[in-house]
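**Student:** I need the structure of the sequence given here:
(one chain, ligands or ions: 1)
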Amino acid sequence: MKILQRAVTVIGLSADKKGRNSSIRREMLNNKACTGSLTILVATAALALSSAAFGSSSALLHASLQTDVSPQPSSKQTNHVKSESTNATSMACGNVSVQVLGSGGPELDDGRTSSAYLVWVNNRARVLVDAGSGSSVQFGAAGASFETLDVILLSHLHTDHSADLPSFVKGGYFTNREKNLWVMGPDGNGTMPSTNAYVTSLIGEEGAFKYLSSYTINGKDDYTISTKSVASATLKKPFEYAVNNDISVQAMSVNHGPIPTLAWKVKANGCEVVFSGDTNDKEGNLSRFAKNVDLLVLHNAINDNAGRVAKNLHMTPTQIIDIAEQSKAKRIVLSHIMKRSESGLDALTEAITVVAEARVYAAQELMNIELLDDN
Ligand SMILES: [Zn+2]
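**Tutor:** This next block holds a predicted model:
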């Protein structure tokens with residue numbers, strides 16, 4: 001069934017930038033009442049639907065939204081994709097947006113889809129970052145076409161970032177996709193498989209869904225899925241790959257406890273976007289990897305009182321504030337919201353707005369943030 005294309009477009013206003021010391025940050029995190037002196041508009045779509053709610057496309061089409069709703073032009077209406085940005089670093093950022101397909105983590109009852117983001121370039125869905133549970137349904141709800149997708153970038157292979165991959169492949173059978181597809185993610189270790197091994201275990205010839213294996217064999221089906229496992233990418237020597245004339249990607253390894261994990265950077269049309277993945281930023285490199293980017297997605301999975309195990313996996317709100325400030329990213333998106341972090345989300349949003357020269361967004365399902373060189 002063809003679902004009408006739609007997107008929730010949000011507009012954020014920069015707040016006055018005032019204090020910059022850490023005591024203010026801590027105070028704001030500890031005191032949610034500290035809101036009077038700030039002008040903040042974090043427009044959010046009231047579309048925090050659980051995966052279960054997505055069973056009917058009509059439910060989506062009739063869902064009420066509290067924000068501007070601007071339909072994405074049909075991909076067929078846009079035909080100037082190719083070779084506009086062979087010199088991506090010198091051109092002004094434009095015609096790119098980042099849409100949140102999933103703003104949650106692995107919880108079942110949080111009303112959020114697991115982690116996934118879509119990068120639209122010239123009104124076409126081109127890059128999928130993470131493919132957590134429910135994201136294939138949200139992909140359709142966003143009006144995205146599987147045929148235009150160039151690459152799927154996985155931050156890591158926890159279920160809430162990767163479990164829907166076979167659903168995308170099976171769903172793609174019912175499209176006219178003909179161009180090959182990249183799936184890129186981290187290398188493995190004793191705890192986790194490599195991205196190559198993960199894909200093979202699912203849709204390889206001996207995989208759990210081996211009935212889809214024709215997509216992994218060159219020339220055997222309408223398109224071929226290629227995989228890349230990225231090992232030991234550093235700030236000084238990140239993994240870099242030009243997907244095509246429009247889009248290039250970079251990856252840097254980040255610490256997520258024992259789980260091999262990558263932060264991804266997507267470059268297109270003069271825009272740069274960084275996705276932190278799950279990390280506690282132990283190396284302290286995230287702000288430099290995301291220096292001056294147009295948009296930085298930071299995963300806010302825990303609160304400052306989290307225990308040792310959680311802090312070994314995730315960054316705290318205090319760290320997030322520092323990373324947001326130091327990166328000088330133009331836009332910050334707080335995502336991977338969990339019940340243990342949601343209660344502090346407003347205070348964190350406000351605290352970042354005070355210390356960082358950034359527009360700050362609390363991620364919501366299908367929120368679509370347009371990147372324009374307007375500040
Ligand atoms: Zn994780």
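**Student:** And the average pLDDT for stretch 275-286 is what?
**Tutor:** The average pLDDT for stretch 275-286 rounds to 97.
**Student:** Just the endpoints, please. Distance across it?
**Tutor:** 10 Å (C-alpha to C-alpha, to the nearest Å).
**Student:** how far does it sit from the chain's center?
**Tutor:** Computed by C-alpha atoms, centre = their mean, to the nearest Å, the separation of stretch 275-286 from the middle of its chain amounts to 14 Å.
**Student:** what comes into contact with that stretch?
**Tutor:** The contact list for stretch 275-286, computed with C-beta atoms under 8 Å, 6 or more residues apart in numbering, reads 117, 129-130, 153, 155-156, 158, 161, 234-235, 252, 254-257, 259, 261-266, 274, 290, 296-299, 301, 311-315, 319, 323, 327, 336. Using the backbone N, CA and C atoms, a C-beta is placed for each residue, glycine as well.
**Student:** cool, stretch 102-114 as well?
**Tutor:** 48-51, 101, 115-117, 130, 132-135, 137-138, 158-161, 163-164, 301, 335-339, 342, 363-365, 367.
**Student:** Report whether it contacts the ion.
**Tutor:** No. Stretch 102-114 stays clear of the ion (C-beta under 5 Å from the ion), getting no nearer than 7.7 Å.
**Student:** What segments of this structure are helices?
**Tutor:** 22-30, 57-61, 135-141, 159-162, 165-172, 195-203, 286-289, 308-313, 317-327, 339-342, 345-355 (DSSP state H).
**Student:** Could you give the number of residues near Ile225?
**Tutor:** As a burial measure, Ile225 scores 23 neighbours (other C-beta atoms under 10 Å).
**Student:** And Glu147, by the same measure?
**Tutor:** Residues within reach of Glu147, counting by other C-beta under 10 Å, total 15.
**Student:** sorry, back to before: which of the contacts of stretch 102-114 come close to the ion?
**Tutor:** Near the ion, by the rule C-beta under 5 Å from the ion, you find His158 out of the contacts of stretch 102-114.
**Student:** roughly how far apart are Leu295 and Glu283?
**Tutor:** 22 Å (C-beta to C-beta, to the nearest Å).
**Student:** So between the two, which is more surrounded?
**Tutor:** Under the neighbour definition other C-beta under 10 Å, Leu295 and Glu283 were set side by side, and Leu295 has more, 28 against 15.
**Student:** residue contacts, the more buried one?
**Tutor:** Leu295 touches Val98, Cys271, Val273, Val274, Ala329, Lys330, Arg331, Ile332, Val333, Ile369, Leu371, counting by C-beta under 8 Å, 6+ apart.
**Student:** Could you save these as JSON lines and add columns showing distance to the ion and neighbour count?
**Tutor:** Shown next, in JSON lines, are the contacts of Leu295 (distance: C-beta to the ion, whole Å; neighbours: other C-beta atoms under 10 Å):
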{"residue": "Val98", "distance to the ion": "20", "neighbour count": "25"}
{"residue": "Cys271", "distance to the ion": "26", "neighbour count": "26"}
{"residue": "Val273", "distance to the ion": "20", "neighbour count": "28"}
{"residue": "Val274", "distance to the ion": "17", "neighbour count": "25"}
{"residue": "Ala329", "distance to the ion": "22", "neighbour count": "28"}
{"residue": "Lys330", "distance to the ion": "26", "neighbour count": "23"}
{"residue": "Arg331", "distance to the ion": "23", "neighbour count": "22"}
{"residue": "Ile332", "distance to the ion": "20", "neighbour count": "29"}
{"residue": "Val333", "distance to the ion": "17", "neighbour count": "28"}
{"residue": "Ile369", "distance to the ion": "23", "neighbour count": "26"}
{"residue": "Leu371", "distance to the ion": "26", "neighbour count": "24"}
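**Student:** Which two of those have the greatest separation?
**Tutor:** Farthest-apart pair in the contacts of Leu295 is Cys271 and Ile332; separation 15.1 Å (C-beta to C-beta).
**Student:** what about the strands in the stretch 151-300 of the chain?
**Tutor:** Using DSSP state E, counting those that start in this stretch, the strands of the stretch 151-300 of the chain run over 151-153, 181-186, 225-230, 239-242, 247-254, 261-268, 271-275, 295-299.
**Student:** does Ala141 really touch Leu366, like I thought?
**Tutor:** Yes. With contacts counted by C-beta atoms under 8 Å, Ala141 reaches Leu366, the gap being 6.3 Å.
**Student:** Val199 reaches Val183, doesn't it?
**Tutor:** Yes. The pair Val199 and Val183 passes the contact test of C-beta under 8 Å, sitting 5.7 Å apart.
**Student:** Identify the contacts common to the two.
**Tutor:** In contact with both Val199 and Val183: Leu165, Ile225, Thr227, using C-beta under 8 Å, 6+ apart.
**Student:** Quick check: which ranges of the chain have low pLDDT?
**Tutor:** Applying pLDDT under 70 to the chain picks out residues 1-90, 374-375.
**Student:** give me that answer again for 50
**Tutor:** Within the chain, the segments meeting pLDDT under 50 span 1-24, 26-27, 31-89, 375.
**Student:** Could you list the contact residues of this structure toward the ion?
**Tutor:** Counting by C-beta under 5 Å from the ion, the residues of the chain close to the ion are His158, Asp278.
**Student:** Contacts only, for the residue lying closest to Ala306 once chain neighbours are set aside.
**Tutor:** Among residues not flanking Ala306 along the chain, Thr316 sits closest, at 6.7 Å (C-beta to C-beta, 6 or more residues apart in numbering). Each residue near Thr316 by C-beta under 8 Å, 6+ apart is listed here: Ile302, Asn303, Asp304, Ala306.
**Student:** got a winner among those residues for most neighbours?
**Tutor:** Ile302 (25 neighbours).
**Student:** May I have the phi/psi pair for that residue?
**Tutor:** Ile302 adopts backbone torsions of phi -140, psi 170, taken as degrees, to the nearest 10.
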